[in-house]
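Undergrad: Show me how the following folds:
(one chain, ligands or ions: 1)
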Amino acid sequence: MATIKSVLHETRVFPPDGGFVQQANLSGMEAYRALCSEAEQDPEGFWGRLAREHILWREPFSRVLDESAHPFFKWFEDGVLNVSFNCLDRHLASQPDKVALIFEADDGRVTRCTYRDLHERVCRLANGLRSLGVASGDRIVIYMPMCIEAVVAMQACARIGVTHSVVFGGFSAKSLHERIRDAGAVAVVTADEQYRGGRTNHLKTAVDEAIALGGLETLRSVVVYRRGPGDIRWEAGRDVWWQDLVGNQEVVCEPEWVGAEHPLFTLYTSGSTGKPKGVQHSSAGYLLGSVLSMKWVFDYKPDDVFWCTADVGWVTGHSYVTYGPLAVGATQVIFEGIPTYPDAGRFWKIIQDHRVTTFYTAPTAIRSLIKNGPDRPKEYDLSSLRLLGSVGEPINPEAWMWYYTVVGQSRCPVVDTWWQTETGSHMIAPLPGAIPLKPGSCTLPLPGIAAAIVDEAGQDIENGKGGFLVIKRPFPYQARTLWGDPERFRDTYFPRELGGYYLAGDSAHRDEDGYFWIMGRADDVLNVSGHRLGTMEIESALVANPLVAEAAVVGRPDDIRGEAIVAFVVLKGERPQGEEAGRIAAELRNWVSREIGPIARPEEIRFGDNLPKTRSGKIMRRLLRTLAQGGEITQDVSTLENPAILEQLKQSAA
Ligand code: PRX
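TA: Next up is the predicted model:
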């Protein structure tokens, strides 16, 4: 296997033989630089040109950007469009029989759906939803497995101007309840069952539990896609089977033409404080980002078979399953199962069977597959691959190397894409064919993206030094607000000290070539297996347990998951010892899993009589992080109210 250094050398001049350059949409650094300088010289002209070229407008826009209510930017505001029309109808004349979706179920069954089929299914559901009285401006929560119908549900909402809010199927009933309530949803679209890794999850049961928690006054209907035997609890008048709803509907549905700024979706994500926030995206600006990145970063070609492994419950599944690939007319794979079922060759088999050309996944999946079978990819024919992508967390150079040499057989560029729920689509990523790669770096900002690294006062930091990652100028695909909480949007993302720049929440540095290296979150947000979780959210879940008096949660570096959750807990009663401590820890882990979802389950719980606090009562998380990693405290602890507690918490690791 090549060493990191040699790949670094190789990839610095990548692509070495020009093979990729010839086929790439962007054929060299000059093409990239030309786009960047066009954007710098005339940002509005640049974005306006792209929006006219890449979006089908019902009514053209007359003005590109309105910054007057900074940071509540408006893009292409008087333009009128429909996103679902842009994803489906636009392909009906040119490629009705092209396969849009290849669905592989957990048990290996494969279902294909052409653009014509997909259009018809979306129209039928859209008509069905309208028949329930759902109308433009309403919100619908989608709580679905990863299947064709999840895409249909999102597209159907877009078609009739309904703002969807997808909740990942792994979230608990309680999390679902919070999101339905915050969004004021009039309907939930779900399925009776979800199948992953040979196990069945009962989604409709979770919806029932969420509703039973009460207070969901706006909710009128629950649409249930039937996959299993159908013997589930049923509330007549509220619950309706999807299959019954669409049965007699027309196969065409006139789209709702909406303004460019119409909220296409909200997606809840974790921040460093409070409850998850509903990140709200626009229609036109968001769509533009998804389309451009499909072309620039994924170098989309009509013969591609695209596969993004993300669930539609995350932003990656929005931009690179439901919207981007369909808008460009791609054939894509969607998969309901998990990478290690029935064995660790599953991903490679899917790539082989469906002749996948473009594969996009998370470093955590790559690392777990290395662990479960570093030579497995060699047992499969992966010759169809031409491009690999990574998203969700920093990719360590070792994992990058394996991905590049073993999966990509040293011929497929790896595009490490940095972006966020709030940015809608790729922000910093290599344009294959144009930008030389370096393992572990997401390389350079996309054209038009004014990324920079600054200190607390918003001053630029020189190359080589770490700081806060910011975006200095507005871009069309950024989030517009937080649902129902514009102040929190402004305060979180556009803090005054930074002079109006968008604060991403990550720390990063640039190297001597100007390449960006993301170091991780600069706030109290954890990244566990590429999933974003707020430490406060987990702490609130813990203290909601009647046994718990106080809790502090920190991340510990983890080889596979990136970070693992460690919770320091003070109980209301005596500090538990021995077996009792084990029993209560297990109980609390399950509790968090039920409160938030299994992804938030702490890896480790340590009990103490107290937590390390300053004299003013502030918990010293820095110290807890050191303890969680098993390190020695070398920091100054003189400001600590109770230094002895550190020794106790250290011992409690046993
Ligand atoms: O910390 C960064 C990390 O994931 C965060 C965004 O999480 P989320 O909104 O859930 O979106 C994930 C999918 C886009 C970022 O603040 N992150 C995402 N991509 C990368 C990354 N960190 C390093 N390198 C990446 N390529």
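Undergrad: correct me, but Ile277 touches Ala183?
TA: Careful, residue 277 is Lys; it's not Ile. No. Counting by C-beta atoms under 8 Å, Ala183 is not a contact partner of Lys277; they are 11.5 Å apart. Bear in mind the C-beta positions are built from the backbone N, C-alpha and C, glycine included.
Undergrad: So the two - more neighbours on which side?
TA: Using other C-beta atoms under 10 Å, the more surrounded residue of Lys277 and Ala183 is Lys277, with 26 against 23.
Undergrad: Please list all residues in contact with the residue lying closest to that one once chain neighbours are set aside.
TA: Of all residues not flanking Lys277 in the chain, Leu482 sits nearest, at 4.6 Å (C-beta to C-beta, 6 or more residues apart in numbering). If a contact means C-beta atoms under 8 Å, 6 or more residues apart in numbering, then Leu482 has 277-280, 488-489, 492 as its contacts.
Undergrad: Keep the residues you listed, but drop any that are not near the ligand.
TA: Among the contacts of Leu482, none lies close to the ligand by the criterion of C-beta under 6 Å from any ligand atom.
Undergrad: Going through those, which ones are buried?
TA: 277-280, 489, 492 (16 or more other C-beta atoms under 10 Å).
Undergrad: what residues do Lys277 and Ala183 have in common as contacts?
TA: Common neighbours of Lys277 and Ala183 (C-beta under 8 Å, 6+ apart) are Trp483.
Undergrad: Quick check: residues of the stretch 201-350 of the chain near the ligand?
TA: So far as C-beta under 6 Å from any ligand atom goes, the stretch 201-350 of the chain lies against the ligand at 269, 315-316.
Undergrad: got it, and the chain?
TA: So far as C-beta under 6 Å from any ligand atom goes, the chain lies against the ligand at 269, 315-316, 391-394, 416-421, 442, 504-506, 518, 521, 527, 532.
Undergrad: and those residues, which of them are in strands?
TA: Counted as lying in strands by DSSP state E, out of the residues of the chain next to the ligand, are 269, 391, 416-417, 504-506, 518, 521, 527, 532.
Undergrad: Take those and write them to TSV, including neighbour count.
TA: Shown next, in TSV, are those (neighbours: other C-beta atoms under 10 Å):
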residue	neighbour count
Thr269	21
Val391	26
Asp416	25
Thr417	24
Ala504	24
Gly505	21
Asp506	21
Ile518	20
Arg521	18
Asn527	22
Arg532	21
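Undergrad: Max pairwise distance over those: which two?
TA: Largest separation among these by C-beta to C-beta: Thr269 and Asp416, giving 20.7 Å.
Undergrad: in this structure, what secondary structure element scores lowest on mean pLDDT?
TA: Lowest on mean pLDDT, DSSP states H and E among the helices and strands of the chain sits helix 4-12, with a mean of 44.
Undergrad: which regions of the stretch 551-654 of the chain sit below the pLDDT cut-off?
TA: 653-654 (pLDDT under 70).
Undergrad: In the stretch 301-450 of the chain, which residue sits nearest the ligand?
TA: Of the stretch 301-450 of the chain, the residue with the smallest distance to the ligand, taken as C-beta to the nearest ligand atom, is Thr421 at 3.3 Å.
Undergrad: What residue in the stretch 51-200 of the chain comes nearest to the ligand?
TA: Nearest residue of the stretch 51-200 of the chain to the ligand (C-beta to the nearest ligand atom) works out as Phe168 at 10.6 Å.
Undergrad: Would you agree that residue is in contact with Val315?
TA: No. Using C-beta under 8 Å, Phe168 is not in contact with Val315; the gap is 10.8 Å.
Undergrad: Compare the two (neighbour count), which wins?
TA: Neighbours per residue (other C-beta under 10 Å) separate Phe168 from Val315, with Val315 holding more: 26 against 21.
Undergrad: For that one, list the residues it contacts.
TA: 267, 269, 279, 420-421, 424.
Undergrad: Next: Arg575.
TA: The contact partners of Arg575, by C-beta under 8 Å, 6+ apart, come to 607-609.
Undergrad: can you map out the strands along the stretch 501-650 of the chain?
TA: Ranges of strands in the stretch 501-650 of the chain, per DSSP state E, counting those that start in this stretch, are 502-510, 516-521, 525-528, 531-534, 548-558, 562-571, 604-607.
Undergrad: Reformat those as CSV; add distance to Ile449.
TA: Below are these laid out as CSV (distance: least, C-beta to C-beta, whole Å):
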stretch, distance to Ile449
strand 502-510, 10
strand 516-521, 11
strand 525-528, 21
strand 531-534, 21
strand 548-558, 28
strand 562-571, 24
strand 604-607, 38
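Undergrad: What is the neighbour count of Gly214?
TA: Gly214, neighbours per other C-beta under 10 Å, totals 9.
Undergrad: Distance-wise, check it relative to Arg181.
TA: As judged by C-beta to C-beta, to the nearest Å, Gly214 and Arg181 stand 9 Å apart.
Undergrad: How about Arg575?
TA: To Arg181, Arg575 is 36 Å away according to C-beta to C-beta.
Undergrad: do Asp304 as well
TA: Distance, Asp304 to Arg181, using C-beta to C-beta: 41 Å.
Undergrad: out of the two, which sits in the more crowded spot?
TA: Neighbour count, other C-beta under 10 Å: between Asp304 and Arg181, Asp304 has more, with 22 against 18.
Undergrad: Turn the buried ones among the contacts of Leu482 into a markdown table, columns for pLDDT, distance to Arg386 and secondary structure.
TA: Supplementary listing: the buried ones among the contacts of Leu482 in a markdown table, determined by pLDDT from 0 to 100; distance: C-beta to C-beta, whole Å; DSSP: H, G, I helix; E, B strand; the rest coil:
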| residue | pLDDT | distance to Arg386 | secondary structure |
| --- | --- | --- | --- |
| Lys277 | 94 | 38 | strand |
| Gly278 | 97 | 37 | strand |
| Val279 | 98 | 32 | strand |
| Gln280 | 98 | 35 | strand |
| Phe489 | 97 | 39 | helix |
| Thr492 | 95 | 39 | helix |
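Undergrad: Which one of these is nearest to the ligand?
TA: Val279 (8.0 Å).
Undergrad: Tell me what the closest one is bridged to.
TA: Beta-bridge partners recorded for Val279 (DSSP bridges): Leu267, Leu482.
Undergrad: what do you get for Val528?
TA: For Val528, the beta-bridge partners are His531 (DSSP bridges).
Undergrad: Run a quick neighbour tally on it.
TA: 21.
Undergrad: Is Val548 in contact with Leu542, as I believe?
TA: Yes. With contact defined as C-beta under 8 Å, Val548 counts as touching Leu542 (5.2 Å).
Undergrad: The two - which one has more neighbours?
TA: Comparing Val548 with Leu542 by other C-beta under 10 Å, the one with more neighbours is Leu542, at 25 against 19.
Undergrad: Helix, strand, or coil at Ile180?
TA: The local conformation at Ile180, judged by DSSP: H, G, I helix; E, B strand; the rest coil, is helix.
Undergrad: surely it meets Val141?
TA: Yes. The pair Ile180 and Val141 qualifies as a contact (C-beta under 8 Å) at a distance of 5.0 Å.
Undergrad: Residues that sit against both of those two, list them.
TA: Taking C-beta under 8 Å, 6+ apart as the contact rule, Ile180 and Val141 both touch Val188.
Undergrad: What is the neighbour count of the residue of the stretch 301-450 of the chain closest to the ligand?
TA: 19.
Undergrad: Hmm, it is touching Thr266, no?
TA: No. Using C-beta under 8 Å, Thr421 makes no contact with Thr266, being 10.1 Å away.
Undergrad: count of residues packed around Gln648?
TA: For Gln648, the count of nearby residues is 16 (other C-beta under 10 Å).
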